[in-house]
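Asks: One predicted model, sequence on top.
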Amino acid sequence: MLLIIFPVCLSAQKEAGTKFIYSGLNYSPGITKLIAPILGFYLVDKKKNINDFQLNRLNFDKSDIYTNFHISASYHKIIGLNKKNDSKFYLGIGMGVSLYYKYKANRPTVTSTFTSGSAAIGTVLSIKPVINYAFTKKLYLGISTNLGLVDQAIASSRYDNPILTAEQQRVTTFDTNIWGLSNLNFDLTLGFNIN
């Protein structure tokens, strides 16, 4: 998958006309931490199509009894549906891929429960409808959603219960989820032209 995306990204940089950097908020109903900050970069080509690079999730929580870490980055190629130069609205639809890594660990303080943890690394193929409104040539407000189609991950979990065999305490799986709520999220962004 990365071998396909990387040449497209390099090609996009050669044809780039306008560059925007944006930040905003991501709302994900299927994730424990519902709202998270995002940071991204648009390269708009001469045909008004967008190459969207985004850091869409970076969470780290730690306490005496648990650790949670989640990072996700994405690339989407967005095709402009309205190509008029004088329009303040930009409508587009794109397709792309997100790469993510999640890690959770629990260290209970009660002797009746055991240490457990899980980690997963995966990709999500998604469709991304986009609506942007240009206040000026230098500033826009955007709303978009990522509709996850296929989520594939290698996941590993452990449960340190001495009653279980070593094989039962550590389990690794290859998971495929199609069109799940955990792969649906919404973005509200504010972008600035950096040309």
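Replies: Ah, there it is. Residues are numbered from 1 along each chain as shown.
Asks: make it CA atoms for all contacts and neighbour counts henceforth
Replies: Fine.
Asks: Export only the CA atoms of the helix or strand Leu149 falls within, formatted as CSV.
Replies: Assigned by DSSP states H and E, Leu149 belongs to strand 139-159. Presented in CSV, the C-alpha positions along strand 139-159 are these (Å, rounded to 0.1, in the frame of the first residue of the first chain):
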residue,chain,number,x,y,z
LEU,A,139,-8.0,31.6,5.2
TYR,A,140,-10.6,28.8,5.0
LEU,A,141,-12.9,26.8,7.3
GLY,A,142,-13.3,23.1,6.5
ILE,A,143,-15.6,20.3,7.4
SER,A,144,-14.9,16.7,6.4
THR,A,145,-15.5,13.1,7.5
ASN,A,146,-13.5,9.9,7.1
LEU,A,147,-15.7,7.0,6.2
GLY,A,148,-13.6,3.9,6.9
LEU,A,149,-14.2,1.1,4.4
VAL,A,150,-11.7,-1.5,5.5
ASP,A,151,-9.5,-1.7,8.6
GLN,A,152,-6.7,-4.3,8.7
ALA,A,153,-4.5,-4.7,11.7
ILE,A,154,-2.0,-7.0,13.3
ALA,A,155,-3.1,-7.0,17.0
SER,A,156,-1.3,-8.6,20.0
SER,A,157,-2.7,-9.0,23.5
ARG,A,158,-1.5,-10.4,26.7
TYR,A,159,-3.1,-11.4,30.0
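Asks: What mean pLDDT does it get?
Replies: Across strand 139-159, the average pLDDT comes to 91.
Asks: again with stretch 63-77
Replies: Rounded to a whole number, the mean pLDDT of stretch 63-77 is 89.
Asks: Could you pull out the buried residues of that stretch?
Replies: Judged by neighbour count (16 or more other C-alpha atoms under 10 Å), stretch 63-77 contains these buried residues: Asn68, Phe69, His70, Ile71, Ser72, Ala73, Ser74, Tyr75, His76, Lys77.
Asks: Stretch 121-139 now?
Replies: So, applying 16+ other C-alpha under 10 Å, buried residues of stretch 121-139: 121-134, 139.
Asks: Could you tell me how far Asp86 is located from Tyr133?
Replies: Here the distance between Asp86 and Tyr133 works out to 12 Å (C-alpha to C-alpha, to the nearest Å).
Asks: again with Ser116
Replies: Going from Ser116 to Tyr133 by C-alpha to C-alpha gives 46 Å.
Asks: what's stretch 153-161 in contact with?
Replies: The set of residues external to stretch 153-161 that reach it, using C-alpha atoms under 8 Å, 6 or more residues apart in numbering, is 114-123, 169-176.
Asks: Quickly list what Ile71 is bridged to.
Replies: Per DSSP bridges, the residues bridged to Ile71 are Leu58, Tyr101.
Asks: cool, and Ala155?
Replies: Ala120, Thr173.
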